[in-house]
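# sequence unknown, structure follows:
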């Protein structure tokens, strides 16, 4: 049995400038609403209980500065603190500061250790996902963490952004420095304290096999540097930062990881993302969709192939495609679309804060355009049949329903369910986390 509450934080940086006026609505000025000024703290627990993770406890908290309240529900600055640690090594420490002053400043520093980081190979369906390989009750069982490895990442990222005068177009520039340490799962620690019937066999995982087959090279298997320069042009007319009711948010992002910054090779990543928010019923119901295209030119090491141009991890998981396994699709070119109906069902006041309950029916889909080149000549025919497929299927789709509890328009706690339509891409997934998808 597993109980989990984890933070869902997208890699993208919000671009709406706080200098704009607050949303065009009388709701926040009415007697039904508590005016928010000054600082507001939203501490939330983070926990997980699992035989292979152990007891994982921590806190995820954001301090918002609403100042004189003129911009509410937007804010002038915020500081997010994440601190969590597990008895078997899983760790997450992070600080993120946003300041909407004369220009937008975004600064992040973090350290994470994932003892069971997901790895499903390259090119989606080309690398077979078979749940029997990690289900101990199956006759085809290999080991519980067959689709995992251990990852440690230390990262610093700083970006600045400003508006081109007289327009809704923003420019963004910045850099991030990261170092990865990757290794096979620590089976000794994983099995510590586990019942004999649940012990995971210490046998080669998919990560180990990719190394043995030469798909993951010897110069990348243990991790390394991932230092990048990033620039973007952004068109932004949203009426607020969190869950906009109207507006467009479109960006063109370039991420360059050159060898002269300590990387193994050179690579250029491109992301074109278009988001549109449409009011159906004022402050009660909206329709939001996101269209996205990603491409990678050059060579990225295996440990950063899941990191997209804007810092989001995907494809698959809460930041990209709900119901699809996290990082299930790593490819050279991929396109996706998210469609969500967002309802604010009930508003109420509690502990001197403004709250609402929301619901989000959703449909997410994606298509693999160009795969990563893989040399499978070292595999035996039996291995190729067991671990790889020649399928022409390239669609990855899911549907689901999210429930939201939102405090002061910006602190979003979600209980969300999604189901993968495509076999081999995911299954039923239940997420408890923070934020909307986009």
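Thanks, I have it. Every value quoted in this text rests on a predicted model; they were computed, and no experiment measured them.
# from here on, contacts and neighbour counts on C-alpha atoms
OK.
# Residue 214 and residue 97, how far apart?
Taking Cα to Cα, to the nearest Å as the measure, residue 214 falls 41 Å from residue 97.
# Hmm, I typed the wrong one, I wanted residue 137.
Counting by Cα to Cα, the separation of residue 137 from residue 97 is 46 Å.
# Neighbour count for these two, which is higher?
With neighbours defined as other Cα atoms under 10 Å, residue 137 and residue 97 compare such that residue 97 has more, 17 against 9.
# Pretty sure the more buried one sits against residue 82.
No: the criterion here is Cα atoms under 8 Å, and residue 97 misses it with residue 82 at 11.9 Å.
# in the chain, which residue is closest to the centre?
Nearest to the mean C-alpha position of the chain, counting by Cα atoms, centre = their mean, stands residue 319 at 3.7 Å.
# What ranges does the stretch 1-150 of the chain have for its strands?
Taking DSSP state E, counting those that start in this stretch, the strands of the stretch 1-150 of the chain run over residues 3-5, 39-50, 54-65, 77-86, 91-100, 104-118, 148-163.
# Looking at those, spot the one closest to residue 263.
strand 148-163 (14.4 Å; Cα to Cα).
# strands paired with the helix or strand just after the closest one, and their directions?
Sequence order places strand 169-183 as the next helix or strand after strand 148-163, per DSSP states H and E. Its sheet considered, strand 169-183 pairs with strand 148-163 (antiparallel), strand 223-225 (antiparallel), strand 228-236 (antiparallel) by DSSP bridges.
# Show the subsequent helix or strand relative to strand 169-183.
Counting by DSSP H and E, what follows strand 169-183 is helix 187-190.
# tell me what the helix or strand just after that next one is packed against?
As assigned by DSSP H and E, the chain's next helix or strand after helix 187-190 is helix 206-212. Here helix 206-212 touches strand 148-163, going by 3 or more Cα pairs under 8 Å, 6 or more residues apart in numbering; DSSP states H and E.
# Quick one: mean pLDDT for the strand it packs on?
Across strand 148-163, the average pLDDT comes to 97.
# Quick check: which ranges of this structure have low pLDDT?
Low-confidence segments of the chain, defined by pLDDT under 70: 1-26, 29-31.
# What residues are bridge-paired with residue 63?
Residues in a beta bridge with residue 63, per DSSP bridges, are residue 41, residue 79.
# That one contacts residue 78, correct?
Yes: if you go by Cα under 8 Å, residue 63 and residue 78 touch, sitting 5.5 Å apart.
# quick one: which of these two has more around it?
More neighbours surround residue 78 than the other of residue 63 and residue 78, with 19 against 16 (other Cα under 10 Å).
# got a list of what the more buried one touches?
With contact taken as Cα atoms under 8 Å, 6 or more residues apart in numbering, residue 78 is in contact with 62, 63, 64, 65, 97, 98, 99.
# For it, give its distance to residue 238.
Between residue 78 and residue 238 the computed distance is 19 Å (Cα to Cα).
# contact partners of stretch 345-360?
33-34, 284, 340-344, 401-409.
# Could you list the buried residues of that stretch?
354, 355, 356, 357, 358, 359, 360 (16 or more other Cα atoms under 10 Å).
# how about the residues you listed in JSON lines, adding distance to residue 210 and secondary structure?
As requested, these are arranged in JSON lines below (distance: Cα to Cα, whole Å; DSSP: H, G, I helix; E, B strand; the rest coil):
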{"residue": "354", "distance to residue 210": "51", "secondary structure": "strand"}
{"residue": "355", "distance to residue 210": "48", "secondary structure": "strand"}
{"residue": "356", "distance to residue 210": "47", "secondary structure": "strand"}
{"residue": "357", "distance to residue 210": "45", "secondary structure": "strand"}
{"residue": "358", "distance to residue 210": "43", "secondary structure": "strand"}
{"residue": "359", "distance to residue 210": "41", "secondary structure": "strand"}
{"residue": "360", "distance to residue 210": "38", "secondary structure": "strand"}
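# With respect to residue 232, which of these is nearest?
Taking Cα to Cα as the measure, residue 232 sits nearest to residue 360 out of the buried residues of stretch 345-360, at 29.5 Å.
# How about the contacts made by residue 59?
Here residue 59 is in contact with 43, 44, 45, 46, 81, 82, 83, 84 (criterion: Cα under 8 Å, 6+ apart).
# Residue 61 is in contact with the last one, correct?
It stands for residue 84. No: using Cα under 8 Å, residue 84 is not in contact with residue 61; the gap is 11.5 Å.
# any idea what residue 249 is structurally, helix, strand or coil?
strand (DSSP: H, G, I helix; E, B strand; the rest coil).
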